[in-house]
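**Q** fold the following.
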Amino acid sequence: MNDKKKIRVLVVDDSAFMRIAVKRTLESDPAIEVVGQGKDGAEAVQLVEQLQPDVVTMDFNMPRMNGVEALRAIFAKRPVPVIMLSAHTQQGAQETLDALAAGALDFVPKPDGEVSTDLSGVRDDLLRKVKGAARSRPSVVPVAPPSPMRAVAPKTERVMRSSLPGDAPLLVIAISTGGPAALERVIPRLPTSFGAGVVIVQHMPKAFTKALASRLDGISALSVREAEDGDVPVPGQVLIAPGDRHLTLDTSGRVKLLDSPPVHGCRPAADVTLQAIARSFGARTTVLVMTGMGRDGALGAQALKAAGGKVLAQDEASSVVFGMPKAVIERGLADQVIALDRIAPTLIERFG
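**A** Residues are numbered from 1 along each chain as shown. The predicted structure is shown next:
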């Protein structure tokens, strides 16, 4: 491949050993060239302006500027796709969500949260995400999340409602790359009177989906939490498929979590959820396919539509990565294509 066509990457980490490990891992693919290395967030800001990389990989905990501070400074000058390297811990998950909300495109968990520089276990994931990032549309996102439309219902009421039989309309959101920031522009804008139960299938590993649920719950009128076996999606709450588990509904409408093999390299996968739901609840289900890499959700949307369900898709202009919505639209499945900032009003109009 001609060098001019290579993906130019800036690697930022306060550890020289990790920078070397990331550089070696990235350059094991001939399509990628590491054009610079930075030791902290402040240096990252300078190097992005100087080197104009296609993609940046960045650690969160760095001297002078942490990941969020560096992201905000970078995006103020030149939005560029940023992939975070995250500790696979609860604290690391919370930091990662902060970085994603500040504009980071995606993340790759470091192996087992260890300080080891052996990246062989995440090599394929890192390469795939860097290549996808090079084709993405980074954009400035709000620094502060929106305020919820109404006060959040008491926790005790949510628990009681979650045990009711599932007979309400159901909304399934299938989402991946760029998802956390996009969800913050949708879920907090839904009122307590929202008339559908909501299930979110976001491609994320274990621990990170719990942090995502906690973050959305804190800024939303609806209750948001990780789904558990036996839960029923009902109005007033949002259930997020746990990382590393597929989410399905049994014939009574109760959540059943599965450890079956990944689909499209993902667990949870939206296709698994949608195909299971289509068999019993297709006519009362709407799927919204949002920003994300790959084609997950297309086959499930097809099954759902055949069963009488509705299919919505995020538009290309507002998608960070127009993979998942594009797959649905190209199959002629989308009943409506919606810009990100119009999704919440559209859902409120549809479900009240």
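
**Q** tell me which helix or strand residue 252 sits in.
**A** Applying DSSP states H and E as the criterion places residue 252 outside every helix and strand.

**Q** quick check on it: phi, psi?
**A** The phi/psi pair for residue 252 (degrees, to the nearest 10) reads phi -90, psi 0.

**Q** again with residue 102
**A** According to degrees, to the nearest 10, residue 102 has phi -80, psi -10.

**Q** same deal with residue 257?
**A** When read as degrees, to the nearest 10, the backbone of residue 257 gives phi -90, psi 140.

**Q** what's the spacing between residue 287 and residue 313?
**A** Separation of residue 287 from residue 313 (C-beta to C-beta, to the nearest Å) stands at 9 Å. (Each C-beta comes from the backbone N, C-alpha and C, glycine too.)

**Q** what mean pLDDT does the helix or strand hosting residue 329 get?
**A** For residue 329, the host element (DSSP H and E) is helix 324-330. Helix 324-330 shows a mean pLDDT of 98 in the predicted model.

**Q** other SSEs contacting that helix?
**A** Secondary-structure packing of helix 324-330 (3 or more C-beta pairs under 8 Å, 6 or more residues apart in numbering; DSSP states H and E): strand 285-289, helix 298-306, strand 310-314.

**Q** that helix: how far from the chain's middle?
**A** Put simply, helix 324-330 sits 17 Å off its chain's centre (C-alpha atoms, centre = their mean, to the nearest Å).

**Q** which residues in the stretch 51-200 of the chain form strands?
**A** 55-59, 82-86, 106-109, 170-175, 197-202 (DSSP state E, counting those that start in this stretch).

**Q** who's in contact with the last one?
**A** With contacts defined as C-beta atoms under 8 Å, 6 or more residues apart in numbering, strand 197-202 is touched by 166, 168-176, 179-180, 183, 187, 190, 209, 212, 222, 227, 232-235, 237-241, 247, 268-270, 273, 297.

**Q** now swap in the fourth one and tell me
**A** With C-beta under 8 Å, 6+ apart as the contact definition, strand 170-175 has outside contacts at 182-183, 186, 196-203, 233, 270, 273-274, 277, 281, 284-292, 296-297, 300-301, 324, 347, 351.

**Q** try 6 Å this time
**A** 196-202, 233, 270, 281, 284-290, 292, 297 (C-beta atoms under 6 Å, 6 or more residues apart in numbering).

**Q** where do the helices sit along this structure?
**A** Assigned by DSSP state H, the chain shows helices spanning 16-26, 41-51, 67-77, 90-101, 123-134, 155-161, 179-183, 208-219, 270-281, 298-306, 324-330, 340-351.

**Q** residue ranges with poor pLDDT in this protein?
**A** Residue ranges of the chain with pLDDT under 70: 1-4, 88-89, 112-116, 139-166.

**Q** tell me the centre residue of it?
**A** With distances taken as C-alpha atoms, centre = their mean, residue 179 lies nearest the centre of the chain, 3.1 Å away.

**Q** picking up where we left off before, now render the helices and strands packed on helix 324-330 as JSON lines, adding distance to residue 9.
**A** Formatted as JSON lines, these follow (distance: least, C-beta to C-beta, whole Å):
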{"stretch": "strand 285-289", "distance to residue 9": "29"}
{"stretch": "helix 298-306", "distance to residue 9": "30"}
{"stretch": "strand 310-314", "distance to residue 9": "27"}
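
**Q** out of these, nearest to residue 69?
**A** Set against residue 69 and scored by C-beta to C-beta, the helices and strands packed on helix 324-330 come closest in strand 310-314, at 29.1 Å.

**Q** redo the helices of the chain as CSV? Include distance to residue 108.
**A** What follows is these, written out as CSV (distance: least, C-beta to C-beta, whole Å):
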stretch, distance to residue 108
helix 16-26, 10
helix 41-51, 17
helix 67-77, 13
helix 90-101, 10
helix 123-134, 5
helix 155-161, 33
helix 179-183, 15
helix 208-219, 11
helix 270-281, 21
helix 298-306, 25
helix 324-330, 19
helix 340-351, 24
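
**Q** so what's the residue count around residue 251?
**A** Applying other C-beta atoms under 10 Å, we find 9 other residues in the vicinity of residue 251.

**Q** same thing with residue 306?
**A** Residues contacting residue 306 under the criterion other C-beta under 10 Å number 11.

**Q** before we move on, what about the one 10 residues further on?
**A** Residue 316 is surrounded by 14 other residues when neighbours are defined as other C-beta under 10 Å.

**Q** what's the answer for residue 261, then?
**A** Here the number of neighbours of residue 261 (other C-beta under 10 Å) works out to 9.

**Q** please report how far it lies from residue 66.
**A** In this view, residue 261 and residue 66 are 37 Å apart by C-beta to C-beta.
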